[in-house]
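>>> 3D, please:
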Amino acid sequence: MKHSPAYRLAATILHGFDEYRSRFKEITADASRRFRDAAWREAQQASAERIDLYDEKVEATLGRLRRTFDDDVLTHFECWREARRHYADLVAKRLDYELAETYFNSMFCSLFHHRHIRNEWMFVYSSRQYAAHHSGLQLCRRREVGGDWEQALRWALAEAKFETPFEELERDVALGSDFLRRQLPATLLDDPHAEIELIKSVFYRNKGAYLVGRIRGGGEQVPLVLPVLHEEGQGLHLDTVLIEPDEVSIIFSFTRAYFQVKVVVPSEFVAYLQELMPDKPQGELYAAIGFYKHGKTEFFRALNRQVAKREDQFIIAPGVRGMVMAVFVLPSFRTVFKIIKDRFDPTKQMSRENVREKYRLVKRHDRVGRMADTQEFSNFIARKDHFSPECLEHLLEVAPSTVHLRGDKVLIEHCYTERMMTPLNLYLEDCDETETRAVLKDYGNAIKQLAAANIFPGDMLLKNFGVTRHGRVIFYDYDEICYLTECNFRHIPEPLYPEQELADEPWYSVGPNDIFPEEFGPFLFADVRMRKLFYQLHPELFDADYWKGLQQAIRDGRVIDVYPYRNKQRFEATADTGLVY
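Numbers count the residues shown, from 1 in each chain. Below is the predicted model:
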């Protein structure tokens, strides 16, 4: 039977998607082996490879389409309309149909340069509101507690079937069960039918493996996360137990690397996670388990729904306006939109491509809970009346090569999106003494943890950091970011005579990569009181030797992990397992 060009177009795209999914699954499945072998450097490389994989496979499929089909097929919208219909039929019974639809969208957008976005030619909206059918596959394993929390926790850890044994399983069981007895609500503890439920798949990331699920009983439920660590040359150990919704949300934060976890039915997997974290946007959860492109699709759909409500308009983001980026927000949507300006402040010696490369670096790098994930959009279109006049005027003024008016529409050729946070400088304006101390402590920890991951923020001003709803300090301005090992940290030389110290210009030479930590105080804080407090909290940040020591550790191949829970929550915090916030 001879198929139409549109059918063959759909089938070729689906073949490319299958190649992508096959390799994605291979990389993900090998996470258990990397954890077993404590192959942390390899784990970092695998994470970056999996992120790069999507664009590589899209490019390969695009090449196949161009070799196989004439231009009059690839550029004919009626052909794409028919191909969309065939593709929807081909993926109708698939367990990952929504990911396949996003791949189809990627092909269409690549060919048409993110123009002509219409639901009749691609999947602006999914081909079905719900999954075609429930898979019937068992996502979780369950065990009734029956009052024996030791036995239930022993089952939770032992049945995960790690390839490395626990060093002292009974010790971990005792610590974990004691924690649960002290922290769980009495109604749940006293229910003879309370049960532990855990997703069968293990969530791997960096140096940790996480068992994720919930405890149900007494008419209520609490989330449950069991972080398991593997020290090289030793057995496994349970590091802590997490049952607070906010703590679990931080584990899945948009500021961290994506999990490597076996996912058979993505929609059902994400639906379960959303039951544990109802405040998490669906797009963020898809991204958290590695499907960041479909996370972008879900984000775009959610944005369209919110804009259609017309509750508010896009406005200029509060805070100090950036030297490189123009930033605007839709206040009701908890997202910031960033556009690269046409002209930068004279102190910013960089190009537009330099800035885009910095954002690509962050996407591929371990964000250690301290850098916001971003999504990149091309040819973003909204109605003119969705923007406040002041916001639209500002965007047209600072980025006329990127922002255009087309009748009653605004076309933005390129932008980034990030989760909305309160700029640190604004957050500090409303803090009392205790809150100021806490947030400055976390600000310093953020800088240290970025450095441990071989990232130097460059511009460490308060305005370039934000505070999340959980009170965590996050870096979000990437135009001056670089690898820590590229920096040359120096002590300020002693002046030869007093007049040198009083001169307007430094009495010592300064190279392009030279950094003098002793100068950080006045640069970061105009408020002398805050400056003194920050120095008390983090004196090592002002010492060039501290930074040089971190550089040497990185050059020696040491992988320093940053665990997403507080040190005081750990059962047995050892000296060399990593950093915690």
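>>> Every contact and neighbour count from this point should use C-alpha atoms.
Fine.
>>> where does the protein have its least confident helix or strand?
Using mean pLDDT, DSSP states H and E, strand 579-580 stands out as the lowest-scoring helix or strand of the chain, at a mean of 47.
>>> Tell me where the model's unsure across the stretch 351-500 of the chain.
495-500 (pLDDT under 70).
>>> show me where it has strands.
Counting by DSSP state E, counting those that start in this stretch, the stretch 351-500 of the chain has strands at residues 375-383, 403-406, 409-419, 422-423, 455-456, 465-467, 473-475, 482-483, 488-489.
>>> for the stretch 151-300 of the chain, same thing?
Under the criterion DSSP E, counting those that start in this stretch, strands of the stretch 151-300 of the chain are mapped to 195-199, 203-205, 208-217, 220-230, 236-238.
>>> Let me have the ones you listed in JSON lines, extended by distance to residue 156, mean pLDDT and mean neighbour count.
JSON lines is the format used below for those (distance: least, Cα to Cα, whole Å; pLDDT from 0 to 100; neighbours: other Cα atoms under 10 Å):
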{"stretch": "strand 195-199", "distance to residue 156": "8", "mean pLDDT": "97", "mean neighbour count": "21"}
{"stretch": "strand 203-205", "distance to residue 156": "14", "mean pLDDT": "96", "mean neighbour count": "23"}
{"stretch": "strand 208-217", "distance to residue 156": "8", "mean pLDDT": "96", "mean neighbour count": "21"}
{"stretch": "strand 220-230", "distance to residue 156": "9", "mean pLDDT": "96", "mean neighbour count": "20"}
{"stretch": "strand 236-238", "distance to residue 156": "11", "mean pLDDT": "95", "mean neighbour count": "23"}
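>>> Buried deepest among the strands of the stretch 351-500 of the chain, which one?
strand 473-475 (a mean of 27; mean count of other Cα atoms under 10 Å).
>>> What separation do you get for residue 404 and residue 461?
The spacing between residue 404 and residue 461, counted by Cα to Cα, to the nearest Å, is 32 Å.
>>> cool, residue 262 as well?
From residue 262 to residue 461 the distance is 40 Å (Cα to Cα).
>>> When those two are compared, which one has more neighbours?
Comparing residue 262 with residue 461 by other Cα atoms under 10 Å, the one with more neighbours is residue 262, at 19 against 16.
>>> Pull the contacting residues for the nearest residue to residue 144 once chain neighbours are set aside.
Spatially, and ignoring its direct neighbours in sequence, residue 144 is nearest to residue 195 (4.1 Å; Cα to Cα, 6 or more residues apart in numbering). Neighbour list for residue 195: 142-146, 215-217 [criterion: Cα atoms under 8 Å, 6 or more residues apart in numbering].
>>> Go again with 7 Å.
With contact set as Cα atoms under 7 Å, 6 or more residues apart in numbering, residue 195 has these partners: 142-145, 215-217.
>>> swap in residue 371?
Taking Cα under 7 Å, 6+ apart as the test, what residue 371 contacts is 255, 474-476.
>>> picking that back up, go through the strands of the stretch 351-500 of the chain and name the closest to residue 442.
For the strands of the stretch 351-500 of the chain, proximity to residue 442 was assessed by Cα to Cα; strand 473-475 is nearest, at 6.1 Å.
>>> Looking at the strands of the stretch 351-500 of the chain, which is nearest to residue 34?
It is, among those and with distance given as Cα to Cα, strand 455-456, at 23.6 Å.
>>> Pull the residues that contact that closest one.
Counting by Cα under 7 Å, 6+ apart, 450, 481-484 sit against strand 455-456.
>>> which one of the residues you listed sits closest to residue 167?
Checking the contacts of strand 455-456 against residue 167 by Cα to Cα gives residue 450 as the nearest, at 30.6 Å.
>>> What is the burial count for the closest one?
24.
>>> That one and residue 32, how far apart?
Residue 450 is 26 Å from residue 32, by Cα to Cα.
>>> Would you map the helices across the stretch 451-581 of the chain?
Under the criterion DSSP state H, counting those that start in this stretch, helices of the stretch 451-581 of the chain are mapped to 498-502, 520-524, 528-537, 544-555.
>>> got the angle for the helix ranked longest in the chain vs strand 208-217?
Identified as the longest helix of the chain according to DSSP state H is helix 40-68. Relative orientation of helix 40-68 versus strand 208-217 (axes from the mean of the first three to the mean of the last three Cα atoms, to 10 degrees): 90 degrees.
>>> list the helices and strands helix 40-68 packs on?
Packed against helix 40-68 by the contact rule (3 or more Cα pairs under 7 Å, 6 or more residues apart in numbering; DSSP states H and E) you find helix 5-29.
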